[in-house]
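> got a sequence here, can you model it:
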Amino acid sequence: MRNNNELSHHILPNSATMVGICIMVISIIKGMPPDTVDYFIDKALAIDCVFFMASTLLSFLSIRLEKYRVGLDRWAEIIFIFGLA
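You can find the predicted model right below:
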């Protein structure tokens with residue numbers, strides 16, 4: 001039997017991994033001497049991390065709340081793509 005929310009099962013682990021990567025890179029940058037480029041990279045990664053956290057939450061809710069699955073899947077995918085961009 002085919003799983004109805006296969007997309008969420010792919011988005012959830014990948015977006016959670018991307019949150020971890022963003023946080024790791026931010027902590028590495030914080031250990032370097034301050035620079036304006038580092039400031040912008042830090043802020044861009046922080047915004048990116050928020051996108052991936054929202055995508056993680058929406059994909060988790062899509063798995064748990066079958067009634068709203070289609071809409072939550074769509075938003076999780078859109079926000080994940082914005083995070084990748």
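> please identify the helix or strand for the residue lying closest to residue 53 once chain neighbours are set aside.
The shortest distance from residue 53 to any non-neighbouring residue, by C-beta to C-beta, 6 or more residues apart in numbering, is to residue 19 (5.5 Å). Glycine gets a C-beta too; all of them are placed from N, C-alpha and C. Element membership of residue 19, judged by DSSP states H and E, is helix 6-30.
> pLDDT averaged over that helix, what's the number?
Mean pLDDT, computed over helix 6-30, is 87.
> helices or strands up against the following helix or strand past it?
Next helix or strand after helix 6-30 toward the C-terminus (DSSP H and E): helix 36-64. Under the contact criterion of 3 or more C-beta pairs under 8 Å, 6 or more residues apart in numbering; DSSP states H and E, helix 36-64 touches helix 6-30, helix 69-84.
> what residues are up against the residue nearest to the spatial centre of the chain?
In the chain, the C-alpha nearest the mean C-alpha coordinate belongs to residue 52, at 1.3 Å (C-alpha atoms, centre = their mean). Contact partners of residue 52, counting by C-beta atoms under 8 Å, 6 or more residues apart in numbering, are 15, 16, 18, 19, 22, 80, 83.
> tabulate these (a markdown table), appending distance to residue 42 and neighbour count.
Formatted as a markdown table, those follow (distance: C-beta to C-beta, whole Å; neighbours: other C-beta atoms under 10 Å):
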| residue | distance to residue 42 | neighbour count |
| --- | --- | --- |
| 15 | 20 | 24 |
| 16 | 21 | 17 |
| 18 | 16 | 20 |
| 19 | 15 | 19 |
| 22 | 10 | 21 |
| 80 | 22 | 24 |
| 83 | 16 | 21 |
